[in-house]
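Okay, here's the prediction I keep looking at, along with the sequence it came from:
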Amino acid sequence: MANTNSFAYIEKTLPGVVDKVFALNSLTDALIGGSEIKLDFLDARTVKIFMLASTGLTDYARGGHGSTNTRGAAKSTTETFTLSQERYSEIPLDKLDTLDDGETVLGHLASEFLRTKVVPEFDTYRFSKMASYCSATIGNLVSESISANTIISKFNAAFKWMSEQKVPEQDQVIYVNPTVMEQIRNTTELAKRLHQSDMDKNVQFAIEEYENRPIVVVPSDMFYTLAQTGNGIYPSSASKVINFMVVSKKAPIIVKKMDYAKVFNSVDENGSYLGYVGYLLTNLYYHDLFVPENKRVAIYTSVSTTAATTVSSALLVDAVAGSTGKTVINGVLTQPAGMLYDAVGLYTTNGTAPAIGSSYTVSTDVIGTEITPNASHNIFVAVQDGKVVATSKDFTNTLPVGA
């Protein structure tokens, strides 16, 4: 019989785990509450935000009345937003798969699911959504390749934009991908000096902010435009990796209307619903991010020319030479780590991998087997429930083969 005391403890602390994991791991939760706008929902999904515009000052005519002094005007309009992200998960945990440590495994599963699946999806969606509010014609969406020793000048261009829009400096955060962070560390645009008084000290350089704006590094597989949600979150074929983003905390409105986590146990009244002996971990999230029209100038996005499909849901392949003309596939690693898949197949049709989320059938699992590489294209595809979840680069003439 399950340890009911342990199970009750997991149920009691699960909501606390949600709050703790979000606070420690989310890269965008720091933006929550920064907006000065407070939402008043008309229903469970929809909110209206008022915008006010007016004319400015005019010269005053002393003693004037009626039409002598020019009267200005004011206009009020509304902008409507609707929550779009209704995300859900059911994860079964059979008692025979865990035996005596079921409650321990359940507790770790709940925490790891939030840390490795929920939080990264929330962050990825938010970055993509914020980028969607930027515009090349307005001027705060720039497509560019950033060469060595130019990153500071790129930041300065973003700061100039923010200053022209009167966005307060103290509210701004810089998000960068790892490649850009490397360029920051290596740039010769900034001088690093040691004075005589520093010689006897344990000198350390830590690049944590620039021009009073904190710098936050975002993995490339979470930092791209045009994100799609389905079975997880993934880029579209047109998605590009974001170089960096400068965001005012007062610009985005982040809404989490529901963070629901519940564990069902087969030994209680829900046993007939489960249909097996064990547990069912359920998670339901109702959330979104909005940027009101007047606040959109407070986000500046630099987008690279790198396709996000090349860095998101990647498959790293460990291959060694096998017998004559053949390759042994020892194993694979997923990026991000810990992705679930049923099998890995070899795709040789053309140089473009199947899209993430598309249907695909693996006829032969290549892991732990010896294969004969294709003469032109060799792309490895990880599949879960008949859907592509990760793909490798194209190993055209680069797989090791036995002599």
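Structure's in. What do you need?

Contacts for the helix or strand where residue 53 lies next, please.
Assigned by DSSP states H and E, residue 53 belongs to strand 46-54. With contacts defined as Cβ atoms under 8 Å, 6 or more residues apart in numbering, strand 46-54 is touched by 37, 39-42, 72-83, 255, 290, 292-294. Yep, even glycine has a C-beta here, placed from its N, CA and C like the rest.

Buried among those? Make that a ChimeraX selection.
Buried residues among those (16 or more other Cβ atoms under 10 Å), as a ChimeraX selection:
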select :81,83,255,290,292
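
Now, the contacts of strand 46-54 that are in strands?
Taking DSSP state E, the ones among the contacts of strand 46-54 that sit in strands are 74-82, 255, 290.

Next, the residue at minimal distance from the centre of the chain: secondary structure please.
Taking Cα atoms, centre = their mean, the centroid of the chain lies closest to residue 124, which sits 1.6 Å from it. Secondary structure state of residue 124, per DSSP: H, G, I helix; E, B strand; the rest coil, is helix.

what's the spacing between it and residue 294?
Per Cβ to Cβ, to the nearest Å, residue 124 is found 26 Å from residue 294.

go on, residue 375?
Taking Cβ to Cβ, one finds residue 375 at 58 Å from residue 294.

can you check residue 74 too?
For residue 74 relative to residue 294 (Cβ to Cβ), the value is 15 Å.

residues contacting residue 112?
With Cβ under 8 Å, 6+ apart, residue 112 has these contacts: residue 338.

what's the answer for residue 274, then?
Counted by Cβ under 8 Å, 6+ apart, residue 274 has contacts 92, 264, 266, 280.

Look at it and report its pLDDT.
Note for residue 274: predicted pLDDT of 79.

Then residue 100?
59.

ok, now residue 354?
Residue 354 carries a pLDDT value of 89.

wait, isn't it in contact with residue 389?
No - taking contacts as Cβ atoms under 8 Å, residue 354 lies outside contact range of residue 389: 10.6 Å.

Could you give the average pLDDT over stretch 145-165?
Mean per-residue pLDDT for stretch 145-165: 96.

Return the set of buried residues in that stretch.
Those would be 146, 151-152, 154-155, 157-159, 161-162, for stretch 145-165 by 16+ other Cβ under 10 Å.

can you tell me which of those residues are in helices?
151-152, 154-155, 157-159, 161-162 (DSSP state H).

Using CSV, please lay out these together with distance to residue 209.
Output for these, formatted as CSV (distance: Cβ to Cβ, whole Å):
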residue, distance to residue 209
151, 14
152, 13
154, 16
155, 11
157, 18
158, 14
159, 13
161, 19
162, 15
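
now, among those residues, which is nearest to residue 367?
Of all those, residue 367 sits closest to residue 151, with 39.9 Å by Cβ to Cβ.

shouldn't that closest one be in contact with residue 185?
No - using Cβ under 8 Å, residue 151 is not in contact with residue 185; the gap is 9.8 Å.

Can you check what pLDDT the model gives the closest residue to the residue nearest to the centre of the chain other than its chain neighbours?
Leaving aside its sequence neighbours, residue 124 sits nearest to residue 222 (Cβ to Cβ, 6 or more residues apart in numbering; 4.5 Å). As predicted, residue 222 sits at a pLDDT of 92.
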